[in-house]
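K.L.:
Here is a sequence together with a model predicted from it:
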There are 2 protein chains.
Amino acid sequence: MQVKAACGFGMTKLTVEPRDCTACPIRHKAVCARCETDELEILEGIKTYRNYDAGETIVFSGDEMDFVASVVTGVAALSQGLEDGRTQMVGLLLPADFLGRPGRRTAAYDVVAVSPVTLCCFRRGPFEDLLRSTPHIGQRLLEMTLDELDAAREWMLILGRKTAREKIASLLSILARREASLCQATPMCEASFILPLTREAMADYLGLTLETVSRQISALKRDGVIRLKGTRGIEVPDFACLLAETGDDADGGPLI
Amino acid sequence: MQVKAACGFGMTKLTVEPRDCTACPIRHKAVCARCETDELEILEGIKTYRNYDAGETIVFSGDEMDFVASVVTGVAALSQGLEDGRTQMVGLLLPADFLGRPGRRTAAYDVVAVSPVTLCCFRRGPFEDLLRSTPHIGQRLLEMTLDELDAAREWMLILGRKTAREKIASLLSILARREASLCQATPMCEASFILPLTREAMADYLGLTLETVSRQISALKRDGVIRLKGTRGIEVPDFACLLAETGDDADGGPLI
DNA sequence: GTGTCGCCTTGATCCAGGTCAAGGCGGCTT
DNA sequence: AAGCCGCCTTGACCTGGATCAAGGCGACAC
């Protein structure tokens, strides 16, 4: 179920009419997960939906940011760059993830819609007031931030110490696991999913070039670790076999 | 001013008698920064000091962890490893930083004392109760976690996209900046400090080998960007010159 | 149909940083 | 003083992944 992608590009931030929070697909995983009915009502009062096309920049690093938001549908990437144009993805926001930092006025990263994205936005001021007055929101935000910090640290191990092949295997297993966690945990010895990222975005995530990504995917396919359905469809016949390629310690390893 | 390092190694977790929170050197930066006097009194009731020698492991990944803690003095490193022994540092804890995760029973990373370390430990159960009952602690912990997440993301850019020389320059400028922030912000065109890390720990931080670290430090010295006092003392004659070596975008760059 | 555009693959070559190896230096023990 | 040990430096060589370059393939417009 995809959000209709408006044609053209750039200025397509349609504001959608408010929808009912209780029917929201991310109700029990987002920052509002712990809210009681009365708290939800306050949130309903300050929320707005916005849509973005794939490839569209949601925020530019350094820009003033007057809102924070939950990702409702789609995928967005946080990126940082160097003087000469090299860039590194530093965050991947999936449905229910939180965008923005309470207490900060300007964006620290570029935020780009990787696929069509719908955000549930809250004006920053009122949201910060809520953070002070209703502990449920702050508690949930703390949990989510700690989870993100764990993910960032797993990612640092990938960036700093893994080979190209291990990096690709790690990314695929992360995406497969996340896919599984959405569709109710099947015990999972095999898996299949659609890559939400282009080769270039994968390279940006993993600190590689897109050529190396392409080569290593071909190598994993040649070695029977994965099968391809077209260019984006991934099938993993034996998940344990993919995990063995990640280089991770079997115990003490990724804990999610 | 260094904590007396107990001789030998291994089993030196002396418990020090409680000290007064109001005289604590990290009082206004740690997780208790926002606490009122009455809240401090509760904390005093559940705190214990522990000391560790340089090189000593504070916690092993996967171990049960019955406490959370603030670093009072010294430097500790969080590390993650792969099957074959490669390791990556994923966190560097300095005075006032927080160790442990409320709500998690087992440690997710190895924690090693890089220099002699003193921790102010709180038993996990009572601390979690406090987190629920006194919003000031949760609010401060959220702030600190968001700051750590920012640091982790800057670090990811370093790991993923920078050259060895840029990595070293980045680490030195981070350490110099932190040094300056402790000794009251001098506008800083020059700087000097003692490296709290061995070459190996620097390599572990930066995703390099210790040989490459050594070579790049020599190169920066040869090029006049830094001067060495012994093997650990670093002098930066012109801080802007060091910054130019980090590869960072002048604006939108590191915001601390 | 034909053209073009975005995305992906594959090949050939190069080089930054890893690996292996040999010391150097300062502090501590005996 | 002699020896050892932890930490650091430097050299020689090798290799994994970057870079440069040439297409392939499917979707969409005309």
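P.N.:
Perfect, I can see it now.

K.L.:
What distance separates the opening and closing residues of stretch A:105-114?
P.N.:
Distances were taken as CA to CA, to the nearest Å; on that basis the terminal residues of stretch A:105-114 are 24 Å apart.

K.L.:
Quick check: A:Leu149 touching B:Leu149?
P.N.:
Yes: under the criterion of CB atoms under 8 Å, A:Leu149 makes contact with B:Leu149 at 5.2 Å. Every residue, glycine included, has its C-beta placed from N, CA and C.

K.L.:
List, one by one, the residues from the stretch 51-200 of chain A near DNA strand D.
P.N.:
Proximity of the stretch 51-200 of chain A to DNA strand D is confined to A:163-165 under the rule CB under 7 Å from any atom of the strand.

K.L.:
need those in JSON lines with neighbour count and distance to chain B, can you?
P.N.:
Formatted as JSON lines, those follow (neighbours: other CB atoms under 10 Å in any protein chain shown; distance: CB to the nearest CB, whole Å):
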{"residue": "A:Thr163", "neighbour count": "12", "distance to chain B": "10"}
{"residue": "A:Ala164", "neighbour count": "17", "distance to chain B": "12"}
{"residue": "A:Arg165", "neighbour count": "19", "distance to chain B": "13"}
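
K.L.:
Filter those down to just the ones in helices.
P.N.:
A:164-165 (DSSP state H).

K.L.:
Just the closest of the residues of the stretch 51-200 of chain A next to DNA strand D to B:Thr106, please.
P.N.:
Of all those, B:Thr106 sits closest to A:Thr163, with 28.4 Å by CB to CB.

K.L.:
For chain A, what lies in contact range of DNA strand C?
P.N.:
Going by CB under 7 Å from any atom of the strand, the residues of chain A near DNA strand C are A:55, A:198-200, A:210-211, A:213-215, A:217-218, A:228, A:231-232.

K.L.:
Just the closest of those residues to B:Asp38, please.
P.N.:
A:Gly55 (53.7 Å).

K.L.:
how about the closest one, secondary structure?
P.N.:
Secondary structure for A:Gly55, judged by DSSP: H, G, I helix; E, B strand; the rest coil, is coil.

K.L.:
Retrieve the pLDDT associated with it.
P.N.:
pLDDT for A:Gly55: 89.

K.L.:
That one contacts A:Ser115, correct?
P.N.:
No: at 9.2 Å, A:Gly55 and A:Ser115 do not qualify as touching, with contact defined as CB under 8 Å.

K.L.:
neighbour count winner among these two?
P.N.:
A:Ser115 (17 against 14; other CB atoms under 10 Å in any protein chain shown).

K.L.:
My guess is that one contacts A:Pro196. True?
P.N.:
Yes: counting by CB under 8 Å, A:Ser115 sits close enough to A:Pro196 to count as a contact (5.7 Å).

K.L.:
if we can go back for a sec, could you save the residues of the stretch 51-200 of chain A next to DNA strand D as a markdown table and add columns showing distance to B:Arg222 and pLDDT?
P.N.:
Converted to a markdown table, those look like this (distance: CB to CB, whole Å; pLDDT from 0 to 100):
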| residue | distance to B:Arg222 | pLDDT |
| --- | --- | --- |
| A:Thr163 | 31 | 98 |
| A:Ala164 | 32 | 98 |
| A:Arg165 | 36 | 98 |
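
K.L.:
Could you save the residues of the stretch 51-200 of chain A next to DNA strand D as CSV and add columns showing distance to B:Gly74?
P.N.:
Shown next, in CSV, are those (distance: CB to CB, whole Å):
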residue, distance to B:Gly74
A:Thr163, 34
A:Ala164, 37
A:Arg165, 38
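
K.L.:
Going by distance to B:Thr48, which of the residues of the stretch 51-200 of chain A next to DNA strand D wins?
P.N.:
Closest approach to B:Thr48 among those (CB to CB): A:Thr163, at 43.2 Å.

K.L.:
So which elements touch whichever strand or helix holds A:Ala77?
P.N.:
Here A:Ala77, judged by DSSP states H and E, is contained in strand A:76-81. Counting contacts by 3 or more CB pairs under 8 Å, 6 or more residues apart in numbering or on different chains; DSSP states H and E, strand A:76-81 packs against strand A:87-93, strand A:110-113, helix A:199-206, helix B:135-161.

K.L.:
what's next to that strand, contact-wise?
P.N.:
A:52, A:58, A:61, A:87-93, A:99, A:109-114, A:117, A:201, A:204-205, B:153-154, B:156-157, B:249, B:252 (CB atoms under 8 Å, 6 or more residues apart in numbering or on different chains).

K.L.:
could you redo the last one with a cut-off of 7 Å?
P.N.:
With contacts defined as CB atoms under 7 Å, 6 or more residues apart in numbering or on different chains, strand A:76-81 is touched by A:58, A:87-93, A:109-114, A:117, A:201, A:204, B:153, B:157, B:249.
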